[in-house]
Structures are given as C-alpha cells and as structure tokens.
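[1] I need the structure of the sequence given here:
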Amino acid sequence: MVTSSSQSLIWLMSERGETMVANVESMAYAGKVPWHGLGEKVGNDLTPIQMARNAGLEWNVEKKPFINPVTGKPSTEWFVLVRDTDGQELSPCGRSYVPTQNEEALSFFQKFVKSGNMTMETAGSLDGGRVIWGLAKTSQSFELPGKDEVKSYLLLVSPHIWGKSLKIMWSGIRVVCQNTLMMALGAASEQFSAPHIREFDVSVQQKAEEALGLADVRMEEFKEQATLLSGTRYKEEDLYKFWMLLFQPSLKNEATLTPEMFGRTLKILSELHYSQPGANMSEGTWWQALNGVTYYLDHEAGRDRDASLTSAWLGQRAATKRRALSSAVEFAKAA
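    The predicted model follows:
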C-alpha cells in the first residue's frame, strides 16, 4: 500500500532527480527487428535468461535505508531499491518489501512460456530499469482480407516499483506494421496480477494454461471486432469525429469539427492514415482508421523511445488505443 508518507518519499526522490529518468536500459529480441528498433539480435533458441544477459540485465536490486536529505540520517521505516551496478535508485519501499531479482523474474518467465508452449521473442527493461518484461508469442493468429495477419502475444511484466505487481497481459500485434493493442486478461485480471512472483510461481503450469485460455478468448473477440472494422467503410466526417473523441475529448460535443482544432496532431494523423504500413489492405475502412491511430501512438507520438514504449504498452497511450478500438467498433456498428 502506498501511503502519504511514501508519496512524500517519492516526491523527495524526484526533487533529487532520482525517479524521473526514462531511458531504454536494455533489450534483446529473437527473429525480426521489433517495431521499436532497439536491441541486439539473438537466436530463437536462447532462453529468456540468455536473452536477458544479451540485453544487459545481469544486475541485482539492493534495498538501502532512505537518507533524509534534510537531516542526513537514515530512516528505519523507509528504504530505497537500488541497482547494484551503478547505484541507480529505482523506487522507494517499505521495510518489509522483498525485491524480485531479474534472474528470478526471468526464470519464472521461462517456466511460464515453456508451460504454455509459447515462444519467447523479446525481453528487456524499461523506465531506467524499473520494469523487467518479456514478450511471448502464442500459437494463435488470424488473417483479414489482403493477407493482413494479426498474431497473439502475452506480455509478462515484473516491476522494481513498490506497490506494483507482476502482470500478464494479452496483445494482438498486426504483423505488417507491428502495431500493439495491450489488454488485461479476464474481467479484472486479479488472477494474473500478484504482489510477488513467488506467489505465481507455485502453480505456474495452471496459470499458464489459464492465461492461454483467456488469451484465446481475447483473440477471438478481437478477430470479431477486426472483421467488423475491415468490412465497414467510414464517412469522412465520422473519421474527424473519431480523432476528436480520442485526442480532444473536451471538444467532442462541438457541432462543428474542423481540422483547425487539431493543429499538428491532426496533420500527423491525417498523413499516417494514408501512409501507414498496410493502409492499402483496408483502405477506406474503420480498420484503417484504427490502425492509423495505433501506429501514431506506437511509432510517432513522443520523442523518447523508452517513455513511448512504456506508455504504449502500460500507460496512457495503451488506454487511448483501447478507447480507439471501442470507439471504432461503435462507429462501425452505427454505419
């Protein structure tokens, strides 16, 4: 539980410039270069731990007493998670918190992936080393007209952040443009969020089977939605309304929706709508409209790749992509 005292500690660390770093720490991947264009290419036969070594994750997390910057004295109640190789401070934490080490997290990822007969494709860290993750491909996929393929993935996330839990999420990834759409497994995903990996690790086989079952359900739901979108044409005025709903919510009820309201964002969206990879596969449809937005959020929005990837998978941009999907489906159904 994050209390007001811990929030004050977070503020003190941020004032010292210790929690605001957002750089891609490391990454390794198998197969083709991922959409973020980072990392060192590795073989498909490597285990997640070996991939992590290539990605530079061979470091541990230490817990050290928080030093009050005013008094200069160490706290007996509050501590700081620190990367042992360079002293980078990752997160404040309470006295009873036990950090999960990278090798421990990746060992779990490895067992989870093997239990579900999945293929580990990418592993790395984000947000200054605060988030350790792995991306595993399942056996599920589908094609839309024009050989437009979508594959099913599970994202495993183990954060070095107090108050954050291990999470396993589903993502559909459109092959032609590497757009991602992250969604929780299950209605509230409680069974796929645990305070500590050790709790999850006890029944990894069962959890892997449950996750794959829910991932298959998600994939089937997404296939139905994608089929609807790819088979439904949009009206120009509805396309502008769609963008307005997502990027200018305060103006969504305005009677007149003009390009001038959007400025630079609308200009980029308009260009990407027609130039995005695979635009010709679904030209004039709501599938093209959805993928124009997801391509913008995955590839174009923001300048910092680390912050962009974190947001696109786990933050505000991930939420915007989910809203884009639901909004596009609503427009398509009303067409």
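
[2] surely residue 230 is in contact with residue 282?
    Yes - here residue 230 lies in contact with residue 282, judged by CB atoms under 8 Å, at a distance of 5.1 Å. C-beta coordinates here come from the backbone N, C-alpha and C atoms, glycine included.

[3] which neighbours do the two have in common?
    When contacts are counted by CB atoms under 8 Å, 6 or more residues apart in numbering, residue 230 and residue 282 have 144, 145, 148 as shared neighbours.

[4] need the helices for the stretch 151-300 of the chain, in chain order.
    Assigned by DSSP state H, counting those that start in this stretch, the stretch 151-300 of the chain shows helices spanning 197-201, 204-230, 236-247, 264-275, 286-295.

[5] pLDDT of the third one, averaged?
    The reference is to helix 236-247. Helix 236-247 shows an average pLDDT of 91 in the prediction.

[6] again, but for the last one
    Confidence for helix 286-295, expressed as mean pLDDT, is 95.

[7] what of the first one?
    On average, the pLDDT along helix 197-201 is 67.

[8] now do the longest one
    For helix 204-230, mean pLDDT is 88.

[9] how far off centre is that helix?
    Helix 204-230 has its C-alpha centroid displaced from the chain centroid by 17 Å (CA atoms, centre = their mean, to the nearest Å).

[10] mind listing what's buried along it?
    By 16 or more other CB atoms under 10 Å, the buried positions in helix 204-230 come out as 204, 207-208, 210-212, 214-215, 218-219, 222-223, 225-226, 228-230.

[11] so where do the strands sit in this protein?
    Using DSSP state E, the strands of the chain run over residues 26-30, 40-42, 61-67, 74-83, 89-94, 119-126, 131-144, 148-159, 166-174, 179-184, 193-194.

[12] give me the neighbour count for the residue nearest to residue 225 when sequence neighbours are not counted.
    Leaving aside its chain neighbours, residue 225 sits nearest to residue 329 (5.4 Å; criterion: CB to CB, 6 or more residues apart in numbering). Neighbours of residue 329 under the rule other CB atoms under 10 Å: 18.

[13] correct me if wrong: residue 329 contacts residue 226.
    No - between residue 329 and residue 226 there is no contact under CB under 8 Å: 9.6 Å.

[14] for residue 176, phi and psi?
    The phi and psi torsions at residue 176 (degrees, to the nearest 10) take the values phi -60, psi -30.

[15] state the number of residues packed around the residue nearest to it when sequence neighbours are not counted.
    Taking CB to CB, 6+ apart, and ignoring the residues beside it in sequence, residue 176 has residue 278 as its nearest neighbour in space, at 3.7 Å. Here the neighbour count serves as a burial measure; for residue 278 (other CB under 10 Å) it reads 21.

[16] what confidence value was assigned to the closest residue to residue 313 other than its chain neighbours?
    Leaving out its chain neighbours, the residue that sits closest to residue 313 by CB to CB, 6+ apart is residue 182, at 5.4 Å. Listed pLDDT for residue 182 reads 78.

[17] quick one: residues contacting the residue nearest to residue 225.
    With contacts taken as CB under 8 Å, 6+ apart, residue 329 has the following neighbours: 225, 228, 229, 286.

[18] relative to residue 283, how far out is the second one?
    Yep, that's residue 228 we're talking about. In this structure, residue 228 and residue 283 are separated by 17 Å, where distance is defined by CB to CB, to the nearest Å.

[19] again with residue 133
    In terms of CB to CB, residue 133 sits 34 Å off from residue 283.

[20] with residue 177 instead?
    With the distance defined as CB to CB, residue 177 ends up 14 Å from residue 283.

[21] between the two, who's got more neighbours?
    When neighbours are counted by other CB under 10 Å, residue 177 comes out ahead of the other of residue 177 and residue 283, with 20 against 13.

[22] measure that one to residue 157 for me?
    23 Å.

[23] hmm, back to that, closest to residue 274 among the shared contacts of residue 230 and residue 282?
    Distance to residue 274, by CB to CB, is smallest for residue 148 among the shared contacts of residue 230 and residue 282, at 16.3 Å.

[24] which residues does the closest residue in space to that closest one that isn't next to it in sequence contact?
    Excluding the flanking residues, the one nearest residue 148 by CB to CB, 6+ apart is residue 281, at 4.5 Å. Neighbouring residues of residue 281 by CB under 8 Å, 6+ apart: 144, 145, 146, 147, 148, 176.

[25] mind running it again at 10 Å?
    144, 145, 146, 147, 148, 174, 176, 177, 230, 287, 288, 291 (CB atoms under 10 Å, 6 or more residues apart in numbering).

[26] wait, residue 231 touches residue 332, no?
    Yes - under the criterion of CB atoms under 10 Å, residue 231 makes contact with residue 332 at 8.3 Å.

[27] which one of the two has more residues nearby?
    Neighbours per residue (other CB under 10 Å) separate residue 231 from residue 332, with residue 332 holding more: 22 against 14.
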